[in-house]
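Novice: this one's structure only:
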């Protein structure tokens, strides 16, 4: 039996990922170790300052990490993540998250995710994942 394609894996993940669905995430590209996602910030995603809550960009980038790290065919879970918010995000902004693999070891892998709006970086996210023995089917 051949292993499922990265696209098939992400489709399986999205089908059961209520939060990514709530965010309105659209998968633009998936490849082993990487992905590109898009979402639009809604008015119900802002904080008391009228800009997107930091948890929105964090969650968006975290979904990109999950999809990129699982795309190799093994279940992968984040064990450490961090984000730098470098520019405010407004309601109506269309965000792009681009996840790239920095290092892929036997059990651990590291990723970088840039979140942009109109080609301007608005957040930089880094994550480390642990790869389980469980395979995607």
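Specialist: Looks like it arrived, so ask away. This one's a predicted model, so the numbers in the text were calculated from it and none came from an experiment.
Novice: which residue packs closest to residue 90, ignoring adjacent ones?
Specialist: Using Cβ to Cβ, 6 or more residues apart in numbering and skipping the chain neighbours, the partner closest in space to residue 90 is residue 51 (6.2 Å). C-betas here are computed from N, CA, C, even on glycine.
Novice: quick one: buried residues of the longest helix along the chain?
Specialist: Looking across the chain with DSSP state H, the single longest helix is helix 54-70. By 16 or more other Cβ atoms under 10 Å, the buried positions in helix 54-70 come out as 56-70.
Novice: before we move on, what about stretch 80-92?
Specialist: 81, 83, 85, 89.
Novice: Surely the third one and residue 121 touch.
Specialist: No. Contact status for residue 85 versus residue 121: not in contact, 10.3 Å apart, counting by Cβ atoms under 8 Å.
Novice: Give me the residue at the spatial middle of the protein.
Specialist: By Cα atoms, centre = their mean, the chain has its centre lying nearest to residue 64, at 1.4 Å.
Novice: Isn't that one up against residue 39?
Specialist: No. Using Cβ under 8 Å as the test, residue 64 is too far from residue 39 to be in contact (10.2 Å).
Novice: what do these two both touch?
Specialist: residue 97 (Cβ atoms under 8 Å, 6 or more residues apart in numbering).
Novice: Quick one: list the elements packing against the lengthiest strand in the chain.
Specialist: Longest strand in the chain, counting residues (DSSP state E): strand 120-135. Contact analysis of strand 120-135 by 3 or more Cβ pairs under 8 Å, 6 or more residues apart in numbering; DSSP states H and E lists helix 54-70, strand 74-85, strand 108-117 as its packing neighbours.
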